[in-house]
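S.K.: with the input below, show me the fold.
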Amino acid sequence: LILVSILQILPLIPTSFMLSRRGTSSTFSSGSHFSIFPSNPVSNGRHRSRRRRLLRRRQRAQYFRVVMMALIATVLCFGLIDLYYLVTVTKHHKLSEIKPAFQRQGEKVKQVWREEKAELKEEIKHLLLRNPREESEKPTFDSRTGEDEDGGDFDVDQDKDEIYKILQQAGISKEEMDIATRRKLPTWTMVQETYGPEPVVYGLERCSEFTSNVEPSVSFLGIAGPFNSGTNLLAELLIQNCQIRERMEVFGEKQKGMRWQVPWGKHTPVQYREDHVTKTDKDVPLENSFPMITIRDPYRWMRSMCKHVYGARWYHNKTTCPHVWSDEMDEPTEVYVKYAATIVKHESLPGFWNDWYNEYMEADFPRVIVRFEDLLFYAQNVTETLCKCGGGEPRRSNFTHVFASAKLGTLAHGSNKTNLLDALIQFGSNKGRLNGMAATDVTHSRELLDPFLMKKFRYKYADMKEFRETGVN
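M.R.: The predicted model follows:
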C-alpha cells in the first residue's frame with residue numbers, strides 16, 4: 001500500500017509544476033492562441049479560471065486519497081507486527097504459563113504468612129514456658145537494638161565465627177552490622193552442608209607442568225568462564241592478593257602477572273583458543289597464560305542468565321525463564337550464543353553450561369577450575385592455592401577480600417550491585433536458588449545437566465521437594 005501511494009503521488013508532481021508554470025506564462029494569460037472564432041478575453045478568462053479550480057479540486061482529492069492510503073497502510077503494518085508478536089509469544093513464550101506465575105506469586109505470599117505465623121506461635125510458646133522467677137533474674141531485652149543489658153544478642157551469632165572472619169577480611173566488623181543483618185547471615189554448618197567442608201579446585205595436578213615449561217618472567221594468570229560465572233570476583237581476588245615476583249623484576253612493579261582474562265577472551269569457548277585473540281593480547285603466546293576458570297551452581301547460573309543474557313539468545317521471557325524445555329515441541333529450548341567471530345548453538349541452557357565446561361575439562365594444556373561459591377566462603381584458601389599453583393606469591397601478609405562490586409569486583413559491569421555481605425546471605429544455603437523457575441525447568445534440568453560435572457564439583461540436583469519449599473516465585 002505504501003508503494004502504491006508513492007506511485008500515485010509521483011504523477012501529480014510534474015502536473016502541478018506545469019500548471020504553475022502555465023499560470024505565470026504571459027502567453028497563456030494573454031489568451032493569444034489559434035482559434036477560428038473571434039477571441040473573447042472575458043469568456044476565455046472565465047474558462048481558464050474554471051479549469052484551474054477543477055484541477056485544484058482534483059489535486060486536493062488525490063492528495064487526500066494518498067494520505068488516507070498511507071494512514072491505512074501504517075495501521076495495517078502495526079497490526080501485522082502486533083499479530084506476529086502475539087503468534088510468536090503464544091508459540092514460544094507460553095502465555096498459558098502466566099496464570100501459573102500468578103499462582104506461584106500467591107503461594108509465595110501464603111508461604112511468608114505461614115512462616116510468620118509459625119514464628120509467632122514459637123514466641124508465644126516460649127513466653128508461656130518461661131519461669132517468672134528466672135525471668136526477673138535475666139537481663140532485659142531491647143527490641144530496638146536486639147541486645148540485652150549486658151550487650152548480648154541472644155545467640156544470634158552462634159556458629160557464625162567463620163562468616164565474621166570473612167567479613168573482617170573485607171574490612172567489615174560485626175559491631176558495624178545491625179542485629180537484623182546478623183540474623184540473616186548463614187551459619188557455618190549451613191555453608192558446609194551446602195558446599196562441603198572444603199573447597200573444590202580441579203586441575204591442581206598440572207600446576208607443575210605450567211611452572212616448569214614457562215619462564216616465570218613472561219608467565220601470567222588469566223581468568224576465564226562463561227557469562228555470569230563470577231570471573232570478575234576471581235580476577236579481583238588475584239589482583240589484590242597475588243604477584244609473580246620474577247615478572248615484576250623484569251617489567252616493573254606494576255606488572256604483577258594477574259590479567260582479567262585469557263588472551264582468547266574470558267567468555268570465548270576454548271575450542272576457539274587458537275582462532276581468536278583479543279586486541280590487547282595479540283603478541284602474547286597462548287602457552288604463557290595459565291587459565292583460572294570459574295564455575296557456578298547451574299541453577300543459580302541459569303537465574304542470572306535470565307537477568308543478563310549478554311550474547312545468548314533463546315525463547316523465553318520474564319514470566320517463563322529459564323524455559324529450558326518447550327512443551328509445544330516436546331524438546332529442549334535451543335540456545336544460540338554470539339561471540340566476536342562466530343555463533344555457537346547449544347541444545348539448551350543446561351547444555352550451554354555442559355558444553356562450555358566440558359571443553360575445558362578435556363583440554364590438553366594446564367588449567368584450573370574453581371567454584372564461584374568457594375571464592376565467597378573459602379576465598380583465602382582458594383586464592384592462595386591458585387596463586388601458588390601459577391608460580392606466584394602473596395602480595396601482603398594479610399589477605400584482602402573484595403567487598404563492593406557489581407559482581408564482587410571493581411572490573412565488573414552492570415547496574416545491579418551486590419556486595420559481599422549480600423552474597424554471603426544469598427549463597428549461604430540452597431534456599432531460593434529455584435526462585436522464578438517453573439516445575440518443568442526443574443524436572444528437565446535434572447535430565448539435561450551433565451552428571452559428571454555435577455558430581456565433580458559437588459553440586460546438588462534440585463528436586464520437586466526443594467521446588468515446593470524454595471522455588472516459589
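
S.K.: neighbours of the spatially closest residue to Phe399 that is not a sequence neighbour, just the number please.
M.R.: Nearest-residue entry for Phe399: Gln380, 4.3 Å, with adjacent residues in sequence omitted and distances by Cβ to Cβ, 6 or more residues apart in numbering. For the C-beta atoms, the positions are set from N, CA and C on the backbone; glycine is no exception. By other Cβ atoms under 10 Å, 17 other residues sit near Gln380.

S.K.: name the next helix or strand following the host helix or strand of Gln380 along the chain.
M.R.: With the criterion set as DSSP states H and E, the secondary-structure element containing Gln380 is helix 379-389. Later in the chain than helix 379-389, the nearest helix or strand by DSSP H and E is strand 393-394.

S.K.: now do that next one: which elements does it pack against?
M.R.: strand 242-243, helix 379-389 (3 or more Cβ pairs under 8 Å, 6 or more residues apart in numbering; DSSP states H and E).

S.K.: how about the helices in the stretch 51-200 of the chain?
M.R.: Using DSSP state H, counting those that start in this stretch, the helices assigned to the stretch 51-200 of the chain run over residues 98-129, 132-137, 161-169, 179-184, 188-195.

S.K.: next one: the stretch 351-473 of the chain
M.R.: Taking DSSP H, counting those that start in this stretch as the test, the helices found in the stretch 351-473 of the chain are 372-377, 379-389, 420-427, 439-448, 451-456, 464-470.

S.K.: please name every helix or strand in contact with the last one.
M.R.: Helices and strands touching helix 464-470, by 3+ Cβ pairs under 8 Å, 6+ apart, are helix 439-448.

S.K.: mean pLDDT lowest where, among the helices of the stretch 51-200 of the chain?
M.R.: By mean pLDDT, the lowest-scoring of the helices of the stretch 51-200 of the chain turns out to be helix 132-137, with a mean of 48.

S.K.: so the residue nearest to Phe399 sits right up against Lys165, yeah?
M.R.: No. With the criterion set as Cβ atoms under 8 Å, Gln380 and Lys165 do not qualify as a contacting pair; they are 9.1 Å apart.

S.K.: of the helices and strands packed on strand 393-394, which is nearest Pro332?
M.R.: Each of those was scored for nearness to Pro332 using Cβ to Cβ, and the closest is helix 379-389 (33.1 Å).

S.K.: overlap in contacts, Gln380 and Lys165.
M.R.: For the pair Gln380 and Lys165, no residue contacts each of them under the criterion Cβ atoms under 8 Å, 6 or more residues apart in numbering.

S.K.: in the protein, which helix or strand is least confident?
M.R.: The helix or strand of the chain with the lowest confidence, counting by mean pLDDT, DSSP states H and E, is helix 26-30 at a mean of 41.

S.K.: that older thread, need the contact list for the residue nearest to Phe399.
M.R.: When contacts are counted by Cβ under 8 Å, 6+ apart, Gln380 touches 169, 399, 401.

S.K.: and the residues you listed, which is closest to Ile343?
M.R.: His401 (37.7 Å).

S.K.: how much space separates the closest one from Glu393?
M.R.: Between His401 and Glu393 the distance, using Cβ to Cβ, to the nearest Å, works out to 18 Å.

S.K.: any idea which strand is longest in the protein?
M.R.: With residue count as the measure and DSSP state E as the assignment, the chain has strand 289-295 as its longest strand.

S.K.: can you count the residues close to Cys387?
M.R.: Counted by other Cβ under 10 Å, the residues lying close to Cys387 total 23.

S.K.: for it, give me the pLDDT.
M.R.: pLDDT for Cys387: 95.
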